[in-house]
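>>> show me how the following folds:
(2 chains)
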Amino acid sequence: AQSVSQHNHHVILSEAASLELGCNYSYGGTVNLFWYVQYPGQHLQLLLKYFSGDPLVKGIKGFEAEFIKSKFSFNLRKPSVQWSDTAEYFCAAMIKAAGNKLTFGGGTRVLVKP
Amino acid sequence: GAGVSQTPSNKVTEKGKYVELRCDPISGHTALYWYRQSLGQGPEFLIYFQGTGAADDSGLPNDRFFAVRPEGSVSTLKIQRTERGDSAVYLCASSLMQLGVGTVRTEAFFGQGTRLTVV
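Down below sits the predicted model:
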């Protein structure tokens, strides 16, 4: 079965530090990949998505993610975080062969200290 | 409306009772999804509608769970004989068309969820 793993459950860092959140998926076929963010008290919002083409994807708010097919990974990065990046981050995958539904990882809670 | 709307935002019910959770998708969105998010976990797929029909209900945990979308817009998730293990945040999402089909790179927009607590 398709699965998505996020290895870091909690991350604490200071403003201006760099952030990298890991995401691995289990399926080897054609896959669409997403990162969602949930700010405190708000709904899930799409940060960025990968369908095909350039494996380095740029999203909103300075986030980017790199698709590495050989490693089944889609890690999220931001060079310099702000206090407002405090949120929970979810990686998700969609596999056409498994139907058009998103499979989410368990999420990573990020706390940025001012 | 401007976004996906879910009502109620919170629901507390007694074990064994019946509950209905409502989702108003973004106007014009043909695809609608229900997810369940338990504490400390990511959202888990329950069911997906394309128009009025349930295209994939493989995520519904058992026959106590049922969802409808009679006119292809508003959807209701129904849970019979609620159990304490049903306590979770139930999320609804909609998209302009079915995700992943064709070349249209659409995305799913999520509501804020209904927090269900079964006591």
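>>> right, and A:F74 touches A:C91 too?
Yes. Between A:F74 and A:C91 there is a contact at 6.3 Å, judged by Cβ atoms under 8 Å. Using the backbone N, CA and C atoms, a C-beta is placed for each residue, glycine as well.
>>> which residues do the two both contact?
Counting by Cβ atoms under 8 Å, 6 or more residues apart in numbering or on different chains, the shared contacts of A:F74 and A:C91 are A:23, A:25, A:33, A:35.
>>> spatially nearest residue to residue 23, not counting backbone neighbours?
I'll assume chain A. Nearest residue to A:C23 in three dimensions, chain neighbours excluded: A:C91, at 3.5 Å (Cβ to Cβ, 6 or more residues apart in numbering or on different chains).
>>> think we crossed wires, I meant chain B
B:C92 (3.5 Å).
>>> chain center to stretch B:62-81, what's the gap?
Put simply, stretch B:62-81 sits 8 Å off its chain's centre (Cα atoms, centre = their mean, to the nearest Å).
>>> and whichever residue of chain B sits closest to chain A, what's its pLDDT?
Of chain B, the residue with the smallest distance to chain A, taken as Cβ to the nearest Cβ, is B:G42 at 3.4 Å. With respect to pLDDT, B:G42 has a value of 93.
>>> for it, what are its contacts?
With Cβ under 8 Å, 6+ apart, B:G42 has these contacts: A:4, A:6, A:90, A:92, A:104-107.
>>> tell me the phi and psi of it?
In terms of degrees, to the nearest 10, the main-chain angles of B:G42 are phi -80, psi 160.
>>> what residues does chain A put near chain B?
Residues of chain A lying near chain B by Cβ under 8 Å from any Cβ of the partner chain: A:4, A:6, A:32, A:34, A:36, A:42-46, A:49, A:51, A:90, A:92, A:94, A:96, A:99-107.
>>> just the buried residues of the residues you listed.
Among those, those buried by neighbour count (16 or more other Cβ atoms under 10 Å in any protein chain shown) are A:4, A:6, A:32, A:34, A:36, A:43-44, A:46, A:49, A:90, A:92, A:94, A:99-107.
>>> now stretch A:104-114: mean pLDDT?
95.
>>> what are the contacting residues of that stretch?
So stretch A:104-114 is contacted by A:4-6, A:8-15, A:17, A:19, A:21, A:23, A:36, A:38, A:81-92, B:35, B:40-44 (Cβ under 8 Å, 6+ apart).
>>> can you say which of the residues you listed are buried?
Buried by 16+ other Cβ under 10 Å: A:4, A:6, A:11, A:19, A:21, A:23, A:36, A:38, A:81, A:85-92, B:35, B:42-44, out of the contacts of stretch A:104-114.
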